[in-house]
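Enquirer: Need coordinates for the following:
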Amino acid sequence: MIKFTSVSKYFPPDSYAVNDISFDIDDGELVLLTGPSGSGKTTIMKLLTREHLATSGDIFFADKNINEIKQSQIHEHKRKIGVIFQDYKLLPELNIWENIALPLSIIGKKQEEIEQRVTDLLTLISLTDKAFLFPKQLSGGEAQRISIARALSTGPTIIFADEPTGNLDRETALEIGKLLQKINSFGTTIILATHDHDIMELFKGVRQIELEKGKIKKDTKPKKESKPDVKSKSDVESKPDVDDKKKIKSKLKETKDYKLKNTDKKNKTK
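Expert: Residues are numbered from 1 along each chain as shown. I've put the predicted structure just below:
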């Protein structure tokens with residue numbers, strides 16, 4: 001699915017963020033990208049999402065050379081890759097439901113589809129009871145779970161998690177690691193960039209690509225392990241509890257009614 005061949009990214013005047021790296025990642029694989037800050041992990045993410053163009057070499061994703069993607073096709077390309085950030089990047093003015101739903105609204109999904117998908121994702125991350133809170137009302141672990149749900153919303157084939165546990169305590173970090181394992185078990189490819197030793201221990205035996213000063217220092221292969229039967233990749237979704245679904249729909253209706261009443265009041269005062 002992903003293939004880097006002799007890829008370098010040069011930043012003038014004299015810095016190579018990555019230097020002549022080659023590797024490939026199969027569909028459904030879980031891979032750790034490890035190494036200290038500045039070793040090239042985030043650059044690989046930006047090359048994969050086409051935020052950066054490689055200075056030299058080729059990057060293939062789903063049999064397409066990313067370097068040759070037209071400007072008009074970049075948004076479509078990015079939809080296939082969900083990104084999780086260390087600092088969550090949730091929009092503070094939107095509630096949790098709206099943060100997860102936003103990417104779906106942008107790509108023109110119908111309201112019914114959005115409601116179903118967001119409900120499924122909230123169930124997956126066990127935060128249906130937090131759907132109408134705002135980011136500032138969440139703990140760090142909860143905020144990162146929402147970030148993960150948002151990254152999954154459009155059904156990407158790959159999740160790139162860039163230091164997702166960097167701001168979390170050990171216990172919460174391990175919970176996030178286990179959630180990523182669960183998502184991978186559904187068939188979604190996971191690339192996890194980290195230098196968190198607890199996370200590395202949790203994923204012991206998983207393939208690790210270790211970077212140092214922009215070069216690959218070590219590339220291991222995972223132990224042969226049987227994977228559980230999986231649904232089709234998209235979906236990373238659990239069947240929502242009937243009561244949870246009713247509660248969310250009821251709350252959605254209340255929210256809509258409230259907005260309509262406020263709109264009527266504003267119109268009357270004009």
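Enquirer: Report the contact partners of S147.
Expert: I84, F85, Y88, K89, L90, P164 (CB atoms under 8 Å, 6 or more residues apart in numbering). No exception for glycine: its C-beta is placed from N, CA and C like everyone else's.
Enquirer: Look up phi and psi at it.
Expert: For S147, the backbone dihedrals are phi -60, psi -40 (criterion: degrees, to the nearest 10).
Enquirer: Mind listing residues that contact stretch 54-70?
Expert: Outside stretch 54-70, the residues that touch it by CB under 8 Å, 6+ apart are 1-10, 20-22, 47-48, 50, 53, 77, 80, 157.
Enquirer: Which of the residues you listed fall in helices?
Expert: Among the contacts of stretch 54-70, the members found in helices (DSSP state H) are L47, L48, H77.
Enquirer: Closest one of the residues you listed to P135?
Expert: L48 (26.5 Å; CB to CB).
Enquirer: which ones are touching that closest one?
Expert: L48 touches I2, I59, F61, I66, I81, I158, F160, I191, counting by CB under 8 Å, 6+ apart.
Enquirer: which one of the residues you listed has the most neighbours?
Expert: F160 (25 neighbours; other CB atoms under 10 Å).
Enquirer: Confidence-wise, which of the ones in helices among the contacts of stretch 54-70 comes last?
Expert: In terms of pLDDT, H77 ranks lowest among these, with 93.
Enquirer: ok, it - how many residues close by?
Expert: H77: 17 neighbours (other CB under 10 Å).
Enquirer: got it, and the one 5 residues further on?
Expert: The tally of other residues near G82 (other CB under 10 Å) stands at 26.
Enquirer: Could you do the one 4 residues further on as well?
Expert: Taking other CB under 10 Å as the neighbour definition, Q86 ends up with a count of 18.
Enquirer: Thanks again, I'm all set now.
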